[in-house]
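**Student:** here's a sequence, model it:
(one chain, ligands or ions: 1)
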Amino acid sequence: MSHRASRRRVLSLVPGLAVAAVAVPSAAAAGTGGSFVIRDVRIFDGRQVTGRGSVLVAGGRIVAVGDLSPSSRHRVHDGEGRTLLPGLIDCHVHSFEGSRADALRFGVTTELDMFSDPSVLADARRRRRSVARTDQADLWSAGVGVTVPGGHPLRPGWEFPRVTADTDIERFVADRVAEGSDYVKVILENGGPPPRPALPTLTTDQFRRVIAAAHRHRRRAVVHAEKLSLALTAVRAAADGLVHVFWDTEGGPDDIAEIRRGGAFVVPTLSVVDRGIGARDLLADARVTPWLSGAQRYLLEQRPEDRPGRPDFLKVGSANVRRLHAAGVPILAGTDAPIRANANGVSMLAELAHLVRAGLSPRAALAAATSAPAREFGLTDRGRIAPGLRADLLLVDGDPTTDITDLRAITAIWKNGHPVDRTPPE
Ligand SMILES: [Zn+2]
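**Tutor:** Down below sits the predicted model:
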């Protein structure tokens, strides 16, 4: 059957609806998912609650949203008492073997990696264009980040190119793009305060040249900066995003206004500085624990060291998130898993609770994990529930738009329109 004929068949089942201006491939073609309807469900479309309705999925994509009358040919999922959301997008991870399957089993259907092995990028790019059945979240990645010898991150045993005084920055960035980097991650990290050692980092001039080179290659430039002064350096160099919030000091009105004017988004990663609070909360939640893999449980059971006398980074970072959000700076959700008692997928449930405690409404926190990352990173086929978009969907009991922890009561996940088996690996 031609695509056109199959599309007509699907549309004929739902007369009078707004439908996607895309061909819906037949379910038999290319291993795409069957068609089904999630009926009478509260819909959070990635930006707002659009009320109760039904969602028709076929060929791996959302075909129609609204007041549908499903045909007997469609499998029907009852949405009564439940909320349907777009699959979540974690905007700060580091991927490793098994991490993308761990992510998917907790409703994170897309991960944005912020520094890892570039050898997986070609395969990741191919997979994320497909609507075939998969047991893994899709991946975008910075590949190798831009840092200096002896600088952050220090990863014994992993060699990757670093910028020295002699480096041709234009060439360095071109090499990252050639390796498949979807965006350029730049490290601004001078270490400290004592007893933490000071660290070498890029000069401001090198940093500016990296950002300009990324832009010449039409790549976003995102920046690791944990201090206000470095965040301001990044914004002044036209960085597109900060992939941590600054937590060394609270930003004043002028600082917040400057970041707002610069137009950068912020991925706070409060989970990095929560001293394991989020992990302990997840490990005590019976809605979460049955689905943890061994790797996830191991990571959540880590105890990040507490440094006596250290400022309360979570408190300061949360205050900065509140001010940035109030000023209109786009806030995106990210965990930095598997760093510091965070595990891919599951730790998004804790990060979103952190964002709500910091002052985002549950609706704003959910937008930070769906439509906002899609917009800021240019992911045009996901992040919302709308006709034509990829059917990455999350169905939960209750209403996470009023109680964010209801997001843990997952009843179904679909990736590319296929149901996800949540059974953890042995
Ligand atoms: Zn990171």
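
**Student:** alpha carbons only for contacts and neighbour counts from here, please
**Tutor:** Noted.

**Student:** wait, I410 sits on D397?
**Tutor:** Yes. In this structure I410 lies within contact range of D397 using Cα atoms under 8 Å: 6.5 Å.

**Student:** quick check, A343 in a strand?
**Tutor:** No. Judged by DSSP: H, G, I helix; E, B strand; the rest coil, A343 forms no part of a strand; its state is coil.

**Student:** who's in contact with it?
**Tutor:** For A343, the contacting residues are A295, Q296, R297, L299, L300, A337, by Cα atoms under 8 Å, 6 or more residues apart in numbering.

**Student:** pick out the most distant pair among those residues.
**Tutor:** Pairwise distances across the contacts of A343 (Cα to Cα) peak at 12.6 Å, for the pair R297 and A337.

**Student:** among the contacts of A343, which are in helices?
**Tutor:** Judged by DSSP state H, the subset of those located in helices is A295, Q296, R297, L299, L300.

**Student:** can you tell me which of those residues is closest to D67?
**Tutor:** Checking the ones in helices among the contacts of A343 one by one against D67 (Cα to Cα), the nearest turns out to be Q296, at 39.4 Å.

**Student:** my read is that the closest one contacts D102, right?
**Tutor:** Yes. Q296 is in contact with D102 according to Cα under 8 Å; the separation is 7.4 Å.

**Student:** residues that sit against both of those two, list them.
**Tutor:** N344, V346.

**Student:** who's more crowded, the two?
**Tutor:** Using other Cα atoms under 10 Å as the criterion, Q296 and D102 rank with D102 on top: 27 against 24.

**Student:** roughly how far does that one sit from A367?
**Tutor:** 22 Å (Cα to Cα, to the nearest Å).

**Student:** how about D406, secondary structure?
**Tutor:** helix.

**Student:** just the pLDDT for it.
**Tutor:** For D406, the pLDDT comes out at 98.

**Student:** excluding its backbone neighbours, what's nearest it?
**Tutor:** P400 (4.7 Å; Cα to Cα, 6 or more residues apart in numbering).

**Student:** the one you found contacts A364, correct?
**Tutor:** No. Assessed by Cα under 8 Å, P400 is found out of contact with A364, at 11.0 Å.

**Student:** what's around A213, how many residues?
**Tutor:** When neighbours are counted by other Cα under 10 Å, A213 comes out with 20.

**Student:** and it, what does it touch?
**Tutor:** I169, E170, V173, A174 are the contacts of A213 under Cα under 8 Å, 6+ apart.

**Student:** quick check: it vs D168, distance?
**Tutor:** For A213, the distance to D168 - Cα to Cα - is 11 Å.

**Student:** ends of stretch 256-275, what's the gap?
**Tutor:** In stretch 256-275, first residue to last residue: 26 Å (Cα to Cα).

**Student:** kindly apply the preceding question to stretch 272-290 instead.
**Tutor:** First residue to last in stretch 272-290 (Cα to Cα) measures 24 Å.

**Student:** in three-state terms, label the most centrally placed residue in the chain for me.
**Tutor:** For the chain, the residue sitting closest to the mean C-alpha position, by Cα atoms, centre = their mean, is D90 at 1.9 Å. Recorded secondary structure, D90: strand (three-state DSSP).

**Student:** my guess is it contacts G334, does it?
**Tutor:** Yes. Contact between D90 and G334 holds when scored by Cα under 8 Å: they sit 4.8 Å apart.

**Student:** joint contacts of the two?
**Tutor:** Each of M348, A369 lies in contact with both D90 and G334 under the rule Cα under 8 Å, 6+ apart.

**Student:** same for the helix or strand hosting V321, what does it pack against?
**Tutor:** Using DSSP states H and E, V321 falls within helix 313-327. With contacts defined as 3 or more Cα pairs under 8 Å, 6 or more residues apart in numbering; DSSP states H and E, helix 313-327 has these neighbours: helix 253-262, helix 347-358.

**Student:** what is the mean pLDDT for the longest one?
**Tutor:** Same thing as helix 347-358. Here the average pLDDT along helix 347-358 is 98.

**Student:** what residues does it touch?
**Tutor:** Contacts for helix 347-358 (Cα under 8 Å, 6+ apart): 90, 108, 269-271, 278-279, 281-282, 318-319, 321-322, 333-335, 337, 362, 365-366, 404-405, 407-408.

**Student:** how about the shortest one?
**Tutor:** If you take Cα under 8 Å, 6+ apart as the criterion, helix 253-262 is touched by L232, V235, R236, A238, R323, L324, A327, G328, V329.

**Student:** how does it look with 6 Å?
**Tutor:** Outside of helix 253-262, the residues within contact range by Cα atoms under 6 Å, 6 or more residues apart in numbering are V235, V329.

**Student:** what pLDDT, on average, does whatever helix or strand comes next after that helix get?
**Tutor:** Counting by DSSP H and E, the element after helix 253-262 in chain order, helix or strand, is strand 265-266. Averaging pLDDT along strand 265-266 yields 98.
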